[in-house]
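Visitor: sequence-free structure coming up:
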C-alpha cells in the first residue's frame, strides 16, 4: 500500500517552539471515499496563528491534539477523485494537513487556476493573508486619502498587502520590519513613505513620532508589544486600530505586561477592534477578485520565501518567529504537473 | 465693591492631589457686560475627569492654569442680567468656575426648570454624567436583551445610570463598587443582578467569572486597572467595550503597567472604543429627554452625595478618589430662592 508522510504535534511547546515539538510520521496513504478527492500537497503554508493551535487553550482556532497531524492550508494537485467536481490534475487549495497527501471532501476545496499566476499565491497574496489584509484594512481601518496608516510586520504576508492597499487609498503609509532588506523592499519597491527597522532602533517612540508627523489615523497591528506601545500614543482623534496579530507575545510563558494605554482611547475616542478573517467568509471572493486585479496590474507586489522540502516544514514555521521571511513563508513539498 | 470667592489651582499635584494644590481666593465680584449674566452658584460639580485638567499635558480637556480659577459645571441663580433671555431668579446651568459667583455669556447657559425636580440633578442624572451614561451605553455598547453588561464604578454618577439603562434594555447587569452600602444599593434598589465589592474581593477574576456565567457582552469601563484585567478575559465574541474613565490610573506618577490583553480582541473580535460625552453635543437633548422620563417614572433612581459649603469643594473632589460618594458628588454652595 502506498504511504505518505505527516507532521504530528509531538508535544506542546512551553515558550518558543522547537523541533522537538514536531514528529515526522509515515502512514498509509488515505483513500478517498465518495465525493472525496486525494490531494498531493505541492505547497504548504506556515502561519503565525498556528502557534495558538499548539496550545491546549480555548481560542478562536481549535487546539491541535498531541500525537495527531497538524492542520495547514495547502495548494495541491488532485491525484485521485471520487467527486464529480474535480478531475485528476486539477489544482486546488483548502485547509488540509501538514502532510504530503490528504483526502478532502470536494466541498472543502477551492479550485486554483494555474493560468492566473503562481499557484503558491493561493496561500499568500491571493489567499488567507491577502484577504485578511484586504478586509482588515478596508472594513476595520477604513483609510481615507491623507490619513496616516501604520502597519507592523509590514514586510510579512499580511502587512505587505495592507501597506500597498493603503497607498492605493491615498494614505501616507509607515511600517515596521526587522531587517534592512525588508526596509528597502518596503520603501524602494512597495512605496511605503517611511519604514522603521525596529531591531536597530533604540527609541521606538521617537522613531514612530518622526515617521508620523501628523499622528496615526489607522494602525494595523500584527505584532503587539513594544511596537504597539510606541504607536498608541500617536493615535489621532477617531483613529481606528485593527488588532490582527500579536506575534511578539505568542511565545510568552507568563502573561506579559506593558503600559496601560486605555486612557489614550478616551482622549482620542479611537476604536480598537479584533480581526479574524473567518468572519469575512461571505466576502472572501470579493477581496480575492480585487487583489487579483491589483496583482495583475502590478499595483500590488508580493514576495514569497519558499522553503524547499516537506521535512523542513517545522523549520519554516519556527523561522516566522525569527522574522526570516520577506513576504509569505511557504513550504514547497512537491512538484506538480503545473508547478 | 461686592466680593466673591474662587478656588484657584495653587500647584499641580504629583500623584494623589491634596488640599495644598488648592487656594481659596477672594476677588471682586465680576460684573456682567452686554448679553452676559451674573450667576450665583447654588451647586458646583466635582468630577473625576478634573484630575486630568490639573496636569500640564495635552489631553481632551484643556489643562487649568496654576494661579487661575478652576472650571466646573454649576447650577446657579441669575442675580443680575444684561441678556434678554434671562431674568433675575432664573435657574441656569453651565460650565463656569469653582466660584461663588461668575459671569457667563447667555449662550453658554442652559435653563433649569425647578418644577422638574431638584435642580442639583442638572449636574448628575440629568446632566453630563447622565448623558455620558446614556450615549456611552446606547451608542458604544448597544446592549440587547439577554446580553450581560458589566459596569465598573457602578454606584457612581455615570455607572448607576448605565446599569439601570442596561436593565431597561433587558440585559443582565453586573457592577463593581467599593463598599457594602453601595453594593446593597445596586442589588436591592437599582436591580443589578450581581455586584462585586472589589475592595473585599481577593480574586477579582473568579468573582467576575462567577457573576457573569455567560461571559460579558458589554463592558462599560469607568475605572481601568485590575478590574479591567479581570473583565477582559470574560469578553464574549463581538463584545463592545466603552472606555469612559480610568480613575484607577489618574493619580499614578509613572506609566502604570498591566497584562497585555490585546490578543483577547482577536479571539473575540471585540471592539474597544473611547468615549467622550462632548462628541454627543448634537444628541444631548435627546438623552436628557429620555433620562427625564425615566427619572419621573421611577425607572431610573439616583442618589447625590451633597457636600455642604463652598470651602469644602476641594475635599469633595478629593473624596472621589476615595470612593466616598454614592451617586453624584456635588457641593452645595448657597441657597437660592428655589433651592
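Guide: Alright, I've got the coordinates. The shown structure was predicted, so the numbers you read here are calculated from the model rather than taken from an experiment.
Visitor: what does the stretch 101-250 of chain A put close to chain B?
Guide: A:221, A:224-225, A:228, A:243-246, A:249 (C-beta under 8 Å from any C-beta of the partner chain). The C-beta positions use only the backbone N, C-alpha and C, and glycine is treated the same way.
Visitor: again, only this time at 10 Å
Guide: Contacts of the stretch 101-250 of chain A with chain B, taken as C-beta under 10 Å from any C-beta of the partner chain, map to A:140, A:221, A:224-225, A:228-229, A:233, A:235, A:237-246, A:248-250.
Visitor: Okay, and which of the residues you listed map to strands?
Guide: A:221, A:235, A:237-243 (DSSP state E).
Visitor: in the helix or strand harbouring residue A:231, what's buried?
Guide: If you go by DSSP states H and E, residue A:231 is part of helix A:225-231. By neighbour count with 16 or more other C-beta atoms under 10 Å in any protein chain shown, helix A:225-231 contains the buried residues A:225, A:227-231.
Visitor: That helix packs against which elements?
Guide: Helix A:225-231 sits against strand A:148-151, strand A:172-177, helix A:204-211, strand A:216-221, strand A:235-243, strand A:257-259, with contacts defined as 3 or more C-beta pairs under 10 Å, 6 or more residues apart in numbering or on different chains; DSSP states H and E.
Visitor: and among these, the most buried is which?
Guide: strand A:148-151 (a mean of 31; mean count of other C-beta atoms under 10 Å in any protein chain shown).
Visitor: Can you pull up the most central residue in chain A?
Guide: residue A:129 (4.2 Å; C-alpha atoms, centre = their mean).
Visitor: Check that one and give its pLDDT.
Guide: On the pLDDT scale, residue A:129 is placed at 97.
Visitor: again with the one 3 residues further on
Guide: Residue A:132 is assigned a predicted lDDT (pLDDT) of 98.
Visitor: I'd like the buried residues of helix A:225-231 as TSV, with distance to residue A:325 appended.
Guide: Output for the buried residues of helix A:225-231, formatted as TSV (distance: C-beta to C-beta, whole Å):
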residue	distance to residue A:325
A:225	19
A:227	18
A:228	21
A:229	24
A:230	23
A:231	22
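Visitor: Let me have these in JSON lines, adding pLDDT as columns.
Guide: JSON lines is the format used below for the buried residues of helix A:225-231 (pLDDT from 0 to 100):
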{"residue": "A:225", "pLDDT": "96"}
{"residue": "A:227", "pLDDT": "98"}
{"residue": "A:228", "pLDDT": "98"}
{"residue": "A:229", "pLDDT": "97"}
{"residue": "A:230", "pLDDT": "98"}
{"residue": "A:231", "pLDDT": "98"}
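Visitor: which of the residues you listed sit farthest apart?
Guide: Within the buried residues of helix A:225-231, A:225 and A:231 form the most distant pair, 10.8 Å apart (C-beta to C-beta).
Visitor: so what's in contact with the two at the same time?
Guide: Shared contacts of residue A:225 and residue A:231, defined by C-beta atoms under 10 Å, 6 or more residues apart in numbering or on different chains, comprise residue A:152.
Visitor: I'd like the ones in strands among the residues of the stretch 101-250 of chain A next to chain B written out as a markdown table, with pLDDT added.
Guide: Below are those laid out as a markdown table (pLDDT from 0 to 100):
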| residue | pLDDT |
| --- | --- |
| A:221 | 98 |
| A:235 | 98 |
| A:237 | 96 |
| A:238 | 97 |
| A:239 | 98 |
| A:240 | 98 |
| A:241 | 98 |
| A:242 | 98 |
| A:243 | 98 |
